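*Asks:* Sequence below, structure please.
(2 chains)
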Amino acid sequence: AQSVTQLGSHVSVSEGALVLLRCNYSSSVPPYLFWYVQYPNQGLQLLLKYTSAATLVKGINGFEAEFKKSETSFHLTKPSAHMSDAAEYFCAVSRGSQGNLIFGKGTKLSVKP
Amino acid sequence: KAGVTQTPRYLIKTRGQQVTLSCSPISGHRSVSWYQQTPGQGLQFLFEYFSETQRNKGNFPGRFSGRQFSNSRSEMNVSTLELGDSALYLCASSLDSGGGYGYTFGSGTRLTVV
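*Replies:* Next up is the predicted model:
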């Protein structure tokens, strides 16, 4: 069965510091992988997705993620945090044929001034 | 183009009642999925509809049901509401079923059962 593990339910960084949010997946077939962001009282916004093209995926708002099959990881990074990045981030996997997303538990990112 | 529209945004219902939530996908999108978000269980898949057919279903009791209309709009219904059904219900639309196109989510319907 597919699953997604996000390490760290809360991550706090200073403004301008590197953001690293960790995601590991388990899947028996090559997956589609996604990162979503959720601001309070809002839905989920797609940051980026991996669909077996380039392993380094660039997304919106300066975020990127690297697919590493050997480590079954898809960590999200941003070189310099901004106050507006404070939100909850969800990693998700889809097996493709089944279609539905399986989400991690989420990581709340706090950005200190 | 317009995003995914969910109505209503907020809803308060009494235990035992039933509720219907609505979702209008992005124009041209034929797949609509529903998810339940709670602090304890996180984001859980309810079901997916494609061209008016249920393609996939999550592990929820039969009180949760849905349908999709010919214009791709979808509704989900919860009967005999329980306190534990209080959650944010999110609808997501996609061009096609299968996940590869990615999903666009609506802002959700916040259901409170009292």
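
*Asks:* out of everything not next to it in sequence, what's closest to B:Arg110?
*Replies:* The shortest distance from B:Arg110 to any non-neighbouring residue, by C-beta to C-beta, 6 or more residues apart in numbering or on different chains, is to B:Tyr10 (4.9 Å). All C-beta spots, glycine's among them, are computed from the backbone N, C-alpha and C.

*Asks:* tally of neighbours for that neighbour?
*Replies:* Counted with other C-beta atoms under 10 Å in any protein chain shown, residues neighbouring B:Tyr10 total 10.

*Asks:* ditto for B:Gly16
*Replies:* Neighbour count for B:Gly16, taken as other C-beta under 10 Å: 10.

*Asks:* Can you check the pLDDT for it?
*Replies:* Per-residue pLDDT puts B:Gly16 at 98.

*Asks:* Could I get the CA-only coordinates of the helix or strand hosting B:Leu111 as CSV?
*Replies:* Assigned by DSSP states H and E, B:Leu111 belongs to strand B:109-113. Below are the C-alpha coordinates for strand B:109-113, written out as CSV (Å, rounded to 0.1, in the frame of the first residue of the first chain):
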residue,chain,number,x,y,z
THR,B,109,-16.9,23.6,3.0
ARG,B,110,-16.5,23.8,6.8
LEU,B,111,-19.1,21.5,8.3
THR,B,112,-19.8,21.7,12.0
VAL,B,113,-22.1,19.1,13.5
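
*Asks:* circling back to that earlier point, need the phi and psi values for the residue nearest to B:Arg110.
*Replies:* Main-chain torsions, B:Tyr10, degrees, to the nearest 10: phi -130, psi 150.

*Asks:* Contacts only, for it.
*Replies:* By C-beta atoms under 8 Å, 6 or more residues apart in numbering or on different chains, the contact list for B:Tyr10 reads B:Thr109, B:Arg110, B:Thr112.

*Asks:* got those residues as TSV, with neighbour count columns?
*Replies:* Compiled in TSV, those are given as follows (neighbours: other C-beta atoms under 10 Å in any protein chain shown):
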residue	neighbour count
B:Thr109	21
B:Arg110	16
B:Thr112	12
